[in-house]
Each structure stands twice: as structure tokens, then as C-alpha cells.
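Novice: with the sequence up front, the predicted model follows.
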Amino acid sequence: MKKCLLAILLILLSIIALPVVSKSASLKNLDVVINGEPINCALVPQIINGNLMLPVRETFELFGFQVKWDKLTRTITISKKDKTIVIKDVELIAKVNNTDIDQTVPLKMVNGSYYASTAIFQSGLDLDLKYVEAENTVYLMDKGGYDISISGDKNLVIRGKTLITGITTKYTPDNIYKKISEADELFDNRNFLGAIKSYEKILKSISSANNPQEFAEVMIKLANTYLKLANIINKEENSIKAIAIFDEVNKKVKDEKYSLLRASAYKGTGNAYFYVAKVRDMGENMTKALNALDEAIKTYQKEKYPIEYADAQYYKALAYINMSLSKPGKEILLNALDACDNALSAYKIKNDPTGYALIRFCQGAAYEGIYTINNDEDYLKKAFDSYNESLKILTKKAAPNNYAYIKGRMGQLYQYMAYQNPISDNYDAAIKCYNEALEVLTISKNPYGYANVQEQIGTVYIQKYSKEDDGLKAVAALNEALRIFTPEQYPLNYAVVQSEIGMAYKYLAQIKG
């Protein structure tokens, strides 16, 4: 009897020891935006008794970490590659690779899940994290992560006739089809971690030998989810996962009657290599992207599959434009323009206005690149025309990130014009474009992008320099950039901006003596 009472007492003590948040505690659910993209999770950040706290397991798993709980030592161990994070229950000090991190408040348990303070996520994930109370939103941003994609979400869905949703021939709706629909709904609702786990669970019950169509479709959905994540976080890691899945589809599903699904996998492979190329080995990986896209185009005949054909040509244009950044040359950019022309020959603006607008943006980028090579003003005019055409659809309201990126490019075009024709109209137009970009790239939502544009404004005033006020405005904008470009986080950016500030003061000295 004494042993039984002792056991009950120990159980009660262990329950009391848990840092459970009571129903009466102050809780406030928050929205999440990662690198400019809204994300939905089963568990969301919360304000707990006045402290901002994030769910440990779901947040770290979203970033590709393994999370393990040791109930004997009451320790959470989080690991990926060469990084290990250890958080002990009740304790205020956590460790990231043996470096002590002060959590400010201990772990809290809410509905059976642990929440931790922001310090562990900022250090463990190497992120900037900001809470904007007025928007009820937590913003997580890669340090130096100003990489607005001009591709949008078009590479993340199987479009047109390649999408076969009715998996009902072999399974009843309350079985596999229902599970696939539920996983699709998680993806549509931007719960990408939940979608990945659901697709992986479905794949355990089907095979490429017995269910080739269903296997290929679910695999492509899974790979596209990793591609979506690659566009937000862990670009290389998630892209490589997607490539492996797409490759498995093309290795295991050989029958010609599944050629459209194979083409979708090749298109996805091309997009994934595009992302990897933006991290390393630009020339090699962009070549792999182009080869995969050409394989998809063999199936996507323009007359039969115009949307798929145009998409693949659009991605080819993107690949060529990015190749030109590491290997400048007019020929590469002419290839990009040729791919844009092919895409536009298949697109109908009324059927796919966003696709049309993105292709026109690609055109503008290619024309701009050629102008920087040969200073032919005809290409500069064509770049303006293409950018303006894309902005008719990619408005600040409809596509804010794309809008900001295009406005930034147009500001650069006006700076080019100012070098050739240094009149106030060109300088004013450049500054106007940059300020319009800043309507989207705020210091809270995109600090790196905000700092970049502030730096560009500073360089316009240095370029314009005709009176003391220009110098003062240059210094003010560049100092604004330094709010983000600190020597600790962005040493190279910091050094460049300090050099530009020095140049502004040099001109001020010439005017003021």
C-alpha cells in the first residue's frame, strides 16, 4: 500500500513540476511570416503572460531539424548537421553548440507542447525575429535574406491538363483519396510541414509498381511542397530534397501513358536546380535546370499544352537571366529573350494574367542586362516598357514583393539614364521608384531589403550632388541603411556603406570648405 501511495505521489509531483500554462494565463495567438511569406502551422507563436514564445518542435522541424525529448532528464535536444541545441525544462540557460543562451523565461507547456522564448530561435536558426503588435504578426527573416523571387508560386503547382485530381478509380473517397485531399488542403492553407507529413504517410500505403499514377502524383505534390519551402527557407536543402523525389518519379514511372506526370517531374527538377544554382555552382546547376526543362518541353507541345509549355519556357528564361549574372554575355540574354517570346506565343493574358506579367518582367530583366553590356538606349526603353507592362498586373496590392522588386529595378534604370543624362528629372524618378519600393520593404517586414533600398537612395544623391542638401540627404539615407547593416551582422555591407558616407562627406567638404 505504501509503495502504491509513493508511486501516486511521484506522479502528482511530476505533473506539478511541469510548466503548464493555466487556462487563466494570458495567451494570444499570432500570425507568422517567414521571409515575406505567410505560413500556417498547427501550433502558432503566442504571447504568454506578456512574453513572446514559439512552439519548439514545430518551428524547428519546419527548418529541417530533428527534435527529441528525453523525459528522464527532461531535456529537448534539437539537431541538424553541425548544429545542436539543448534546452532543459525549467532552466533559463539553453545551449547552442555549447554556447550559453539566456532564454529570459523558461519553457512553457501549452496543450501538451513546449514553447520557448525568442532568443533560442534567433540563435539556433540564425534569424532576425520581430514582433509587430499592431499587425498581430511575428516576422522571421534570414540574415541577409533579401532574395525576392520573381518566379512567384507558378513552379509549385501542377497546372493545366497535367493535374489529375480524381484518384477514385482504385480507392474509395473515405480512404486514400480523402487523405490526399486533406494533405492538399494543408498545402493550400500554407501548412507546409503538415502537408509534408501527410504526403509521406500516404506514400507508405501505395507503391510505384501497383499504383504508378497515384504514386507519381503524390510524390510530385510532396516535392512541390519542398520547393515551396525552398522559396521561403533553407533554399539548397529543400531543393535537393525535391530533386531526389522528382528523380525517383522519373526512374520508377516509365510507362508512356504517364508522360505528362514525368514531364511535371522534369519541370520541377528544373525549378529545383534553379534554386540550388542561386546558392552555389551557378553555371553547372543552371545548365542542369535547362536540360531538365528541355526534357519537359518534349512532352509539352504548345498546341496541346499551352500553359505547361509557356511555364517551362518561362523558367528557361529565368535560368538564362541568372546565368548571365555569373557569366556576362549578350548571347545568354538573347537566349532568355527567345524563351520569353516562346512563352508569350502560348500565353493568353486573359487566361493567365500573372503568368503574362512575370514573363514581361523577365523580358525587362533581359533587356536591362543587354543595355548594361552595350549601352544601346533602345534596350533601355524596351526594359522600361516591359517593366511597366508587368506592373499593370503585379500591383502593390496584388503582388507586393514583386511590385517592390520591379520598382527597385526601375529605380536602377533611371540611375543608368542619369549617368548618360544627368538632369534632375532622372534623379527624381529614381528616388520616387525607390520610395515606392519602401512602401513594401519596411524595416520590420524586410530589414535587409529596406537597408538595400536606402543605400540605393543614398547613391542617387551622391550621383546627383549639386548642392549641400543632396549631401545631407545622402548621409541620412546611408545612415538609415546602417540601422540594419551593422558590422557584426553585415560586415561587407557595413564597410561599403561607410565608404559611401565618406564620399558624401567629401562632397560636402568641397561645398562647405
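Specialist: Received the coordinates, thanks.
Novice: alpha carbons only for contacts and neighbour counts from here, please
Specialist: Noted.
Novice: ramachandran coordinates for Ser117?
Specialist: With angles defined as degrees, to the nearest 10, Ser117 sits at phi -70, psi 170.
Novice: okay but it is in contact with Leu107, surely?
Specialist: Yes: between Ser117 and Leu107 there is a contact at 7.4 Å, judged by Cα atoms under 8 Å.
Novice: what is in contact with these two at once?
Specialist: With contacts taken as Cα atoms under 8 Å, 6 or more residues apart in numbering, Ser117 and Leu107 have no neighbour in common.
Novice: contact partners for Arg74?
Specialist: For Arg74, the set of contacting residues under the criterion of Cα under 8 Å, 6+ apart consists of 88-89.
Novice: hang on, isn't Lys252 packed against Ser208?
Specialist: Yes: contact criterion Cα under 8 Å: Lys252 and Ser208 qualify, at 6.3 Å.
Novice: those two: which is more packed in?
Specialist: Using other Cα atoms under 10 Å, the more surrounded residue of Lys252 and Ser208 is Ser208, with 18 against 15.
Novice: secondary structure class for that one?
Specialist: Classification of Ser208 by DSSP: H, G, I helix; E, B strand; the rest coil places it in coil.
Novice: so how far is Ala296 from the spatially closest residue to it that is not a sequence neighbour?
Specialist: Closest residue to Ser208 in three dimensions, ignoring its sequence neighbours and counting by Cα to Cα, 6 or more residues apart in numbering: Phe215, at 5.4 Å. Separation of Phe215 from Ala296 (Cα to Cα, to the nearest Å): 19 Å.
Novice: and the residue nearest to Ser208, what does it touch?
Specialist: The neighbourhood of Phe215, defined by Cα under 8 Å, 6+ apart, consists of 203, 206-208.
Novice: quick one: contacts of stretch 330-343?
Specialist: Applying Cα under 8 Å, 6+ apart, the external contacts of stretch 330-343 come out as 309-314, 316-321, 323-324, 359-360, 362-363, 366-367, 369-370, 373.
Novice: give me the pLDDT value at Met127.
Specialist: To be clear, residue 127 is Leu; Met isn't right here. The confidence metric pLDDT takes the value 84 at Leu127.
Novice: same question for Ile34.
Specialist: 89.
Novice: report whether the expected contact of it with Tyr131 is present.
Specialist: No: distance between Ile34 and Tyr131: 12.0 Å, which falls outside the contact criterion (Cα under 8 Å).
Novice: give me the common contacts of the two.
Specialist: Counting by Cα under 8 Å, 6+ apart, the contacts common to Ile34 and Tyr131 are Tyr139.
Novice: for Asp255, grab the count of nearby residues.
Specialist: Taking other Cα under 10 Å as the definition, Asp255 ends up with a neighbour count of 11.
Novice: coming back round to it: filter the contacts of stretch 330-343 down to the buried ones and hand me the PyMOL line.
Specialist: For selection in PyMOL, the members of the contacts of stretch 330-343 meeting the burial criterion (16 or more other Cα atoms under 10 Å) are listed in this command:
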select buried, resi 309+310+311+312+313+314+316+317+318+319+320+321+323+324+359+360+362+363+366+367+369+370
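Novice: other residues contacting stretch 441-455?
Specialist: Under the contact criterion Cα under 8 Å, 6+ apart, stretch 441-455 has outside partners 35-36, 130, 132, 139, 141, 143-146, 401, 404, 408, 434, 437-438, 477-478, 480-485, 497.
Novice: break down this structure into its strands, ranges please.
Specialist: Counting by DSSP state E, the chain has these strands, from start to end: 27-29, 31-34, 37-39, 46-48, 51-55, 66-70, 75-80, 83-88, 93-96, 99-102, 108-110, 113-117, 127-132, 137-142.
Novice: what's the closest non-adjacent residue to Phe65?
Specialist: In this structure, Phe65 finds its nearest non-sequential neighbour in Lys80, 5.1 Å apart by Cα to Cα, 6+ apart.
Novice: how about Ala119?
Specialist: When the adjacent residues along the chain are set aside, Ala119 lies closest to Gln103, with 5.6 Å between them (Cα to Cα, 6+ apart).
Novice: from Lys396, how far out is that neighbour?
Specialist: As for Gln103, its distance to Lys396 is 38 Å (criterion: Cα to Cα).
Novice: pick the one among the contacts of Phe215 closest to Asn493.
Specialist: Of all these, Leu203 has the smallest distance to Asn493: 45.9 Å, by Cα to Cα.
Novice: hang on, the residue nearest to Ala119 packs against Ala94?
Specialist: Yes: with contacts counted by Cα under 8 Å, Gln103 reaches Ala94, the gap being 6.8 Å.
Novice: residues touching Pro491, list them.
Specialist: Under the criterion of Cα under 8 Å, 6+ apart, the contact list for Pro491 reads Phe485.
Novice: pLDDT value on it, please?
Specialist: The predicted local confidence for Pro491 comes out at a pLDDT of 90.
Novice: and Glu185, by the same measure?
Specialist: As summarised for this prediction, Glu185 has a pLDDT of 94.
Novice: Glu331 now?
Specialist: Model confidence at Glu331, expressed as pLDDT, equals 94.
Novice: so how far is Ile321 from it?
Specialist: Relative to Ile321, Glu331 is positioned 11 Å away (Cα to Cα).
Novice: and what of Asp281?
Specialist: Using Cα to Cα, which is the criterion applied here, Asp281 is 15 Å from Ile321.
Novice: same thing with Asn342?
Specialist: Counting by Cα to Cα, the separation of Asn342 from Ile321 is 15 Å.
Novice: do the same with Ala289
Specialist: When distance is defined by Cα to Cα, Ala289 is 13 Å away from Ile321.
Novice: list of residues touching stretch 179-192?
Specialist: When contacts are taken as Cα under 8 Å, 6+ apart, the neighbours of stretch 179-192 outside the stretch itself are 38-42, 194-196, 198-199, 202, 218, 225, 229.
Novice: whichever of those end up buried, select them in ChimeraX.
Specialist: Per 16+ other Cα under 10 Å, the buried members of the contacts of stretch 179-192 correspond to this ChimeraX selection:
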select :38,39,40,41,194,195,196,198,199,202,218,225,229
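Novice: out of the contacts of stretch 179-192, list just those in helices.
Specialist: 194-196, 198-199, 202, 218, 225, 229 (DSSP state H).
Novice: number of residues surrounding Asn98?
Specialist: As a burial measure, the neighbour count of Asn98 was computed by other Cα under 10 Å and equals 11.
Novice: quick check on it: phi, psi?
Specialist: Dihedral pair for Asn98: phi 70, psi 0, per degrees, to the nearest 10.
Novice: and what of the one 5 residues further on?
Specialist: The phi and psi torsions at Gln103 (degrees, to the nearest 10) take the values phi -80, psi -10.
Novice: distance check, it against Arg190.
Specialist: From Gln103 across to Arg190, the span is 29 Å (Cα to Cα).
Novice: right, I'll call it a day here.
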